[in-house]
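Novice: I would like the atomic coordinates for the input below:
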Amino acid sequence: MTKKIGIIIPYFGKWPPWIDYFFQSCIHNQTIDWLFPTDCAKPPINEQNLKFIPFKLSDFNKRISSILGMSTEVKYPYKICDYKPAYGEIFSDLLTPYDFWGYGDLDLVYGNISDFFKDSILNEFDIISNHPDFITGHFCLLKNTPRINALYKLGGAYKYAFAEPHYTGFDEQIKRVKINPDPKYLSSENIKDRRKHIARHRVFQNVKKLFHLKLNRTKNKKEAEILKDFTSIVMRSVSKKEIKLFQSKTFESDLMNLKLKKENWKITWKNGLLKNDLDKNLLYFHFMLSKDDESFQVSRYIQGIKEFSITPSGINGVTK
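Specialist: Residues are numbered from 1 along each chain as shown. Model (predicted):
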């Protein structure tokens with residue numbers, strides 16, 4: 001992989017309990033720079049591809065004002081997820097050296113990214129997402145050009161999404177119920193929202209089995225024309241052949257396993273490779289639900305560990 005890639009993940013507050021395992025998976029992706037604008041304490045990591053930039057939430061708000069020309073003030077860190085598609089402009093000074101920039105989440109671990117995105121893909125496509133149905137907020141790569149960096153502005157929906165105090169889902173798909181980013185509500189609201197999503201998914205799957213229906217993603221043509229979120233913006237540009245989008249599904253998550261009613265799963269990270277219990281190579285695993293469960297325990301991290309596993313009960317390092 002000859003293209004220079006920088007993945008930027010602003011984070012404020014306190015590093016989560018599993019962060020050392022996350023960092024370890026980043027370290028092994030030496031062809032990618034990981035940028036963390038953060039007010040968290042700098043971890044004892046000296047790897048050149050991990051860069052920790054002292055940064056406060058107030059600094060983020062200043063950039064919104066000066067770069068985007070908006071007076072909106074983000075009060076809680078979770079709200080910044082709405083701004084992910086705008087990072088190319090908000091953090092343009094940090095991303096200048098890169099051919100591609102990306103964003104993601106911390107509640108996951110990576111495999112070997114270069115196994116999935118060869119130069120042939122990076123040379124041809126403008127945006128790389130990891131789901132066939134929408135632009136993924138937990139991992140997305142974008143070509144570092146003025147046109148792609150400003151793509152989120154099409155239709156003007158970003159102004160309303162950014163001005164809304166709650167998290168709207170603009171970075172992926174607009175949510176029917178907005179999420180309060182205040183930490184005292186966040187966990188319970190997310191769990192409730194995910195349960196509704198799973199219930200809707202299961203009902204839909206049963207309907208498909210009974211009536212052999214195929215999903216028609218453009219039932220309402222008028223609605224499909226509305227540029228309401230980053231997914232609809234990208235899809236409109238793709239349909240007009242203005243940009244090229246690469247979509248795959250090379251990750252797994254505990255949410256996916258829950259939908260499949262798969263309770264006993266195991267993901268193994270070893271020397272930079274990430275595999276499921278069927279020995280399938282994964283780009284990353286997203287433990288978005290498990291982390292909120294009281295039974296999810298993270299074993300003590302040992303510096304330079306070569307192997308660890310993720311199960312519904314937690315993250316466990318292999319010491320031998």
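
Novice: What's the per-residue pLDDT of the spatially closest residue to Arg236 that is not a sequence neighbour here?
Specialist: Nearest residue to Arg236 in three dimensions, chain neighbours excluded: Leu227, at 6.1 Å (C-beta to C-beta, 6 or more residues apart in numbering). Yep, even glycine has a C-beta here, placed from its N, CA and C like the rest. On pLDDT, Leu227 comes in at 92.

Novice: tell me the secondary structure for Leu227?
Specialist: Of the three states, Leu227 takes coil according to DSSP: H, G, I helix; E, B strand; the rest coil.

Novice: my guess is it meets Leu154, correct?
Specialist: Yes - with contact defined as C-beta atoms under 8 Å, Leu227 and Leu154 form a contacting pair (5.4 Å).

Novice: just to revisit the earlier point, got the contact list for the residue nearest to Arg236?
Specialist: 154-157, 233, 236 (C-beta atoms under 8 Å, 6 or more residues apart in numbering).

Novice: mind redoing it with 7 Å?
Specialist: The contact partners of Leu227, by C-beta atoms under 7 Å, 6 or more residues apart in numbering, come to 154-155, 157, 233, 236.

Novice: quick one: which two of those residues are the most distant?
Specialist: Across those, the longest distance by C-beta to C-beta is 11.5 Å; it joins Ala157 and Arg236.

Novice: tell me the helices in the stretch 1-150 of the chain, going along the chain?
Specialist: 19-27, 57-68, 87-90, 92-95, 119-124, 146-149 (DSSP state H, counting those that start in this stretch).

Novice: Output these in TSV, with distance to Ser248, mean neighbour count and mean pLDDT appended to each entry.
Specialist: Formatted as TSV, the helices of the stretch 1-150 of the chain follow (distance: least, C-beta to C-beta, whole Å; neighbours: other C-beta atoms under 10 Å; pLDDT from 0 to 100):
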stretch	distance to Ser248	mean neighbour count	mean pLDDT
helix 19-27	19	20	97
helix 57-68	31	15	95
helix 87-90	21	22	98
helix 92-95	23	16	97
helix 119-124	9	12	94
helix 146-149	19	15	98
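
Novice: Quick check: which of the ones you listed is nearest to Pro183?
Specialist: Per C-beta to C-beta, nearest to Pro183 of those: helix 57-68, 12.8 Å.

Novice: that older thread, tell me how far the residue nearest to Arg236 lies from Ala161.
Specialist: 11 Å (C-beta to C-beta, to the nearest Å).

Novice: Right, I'll leave it there.
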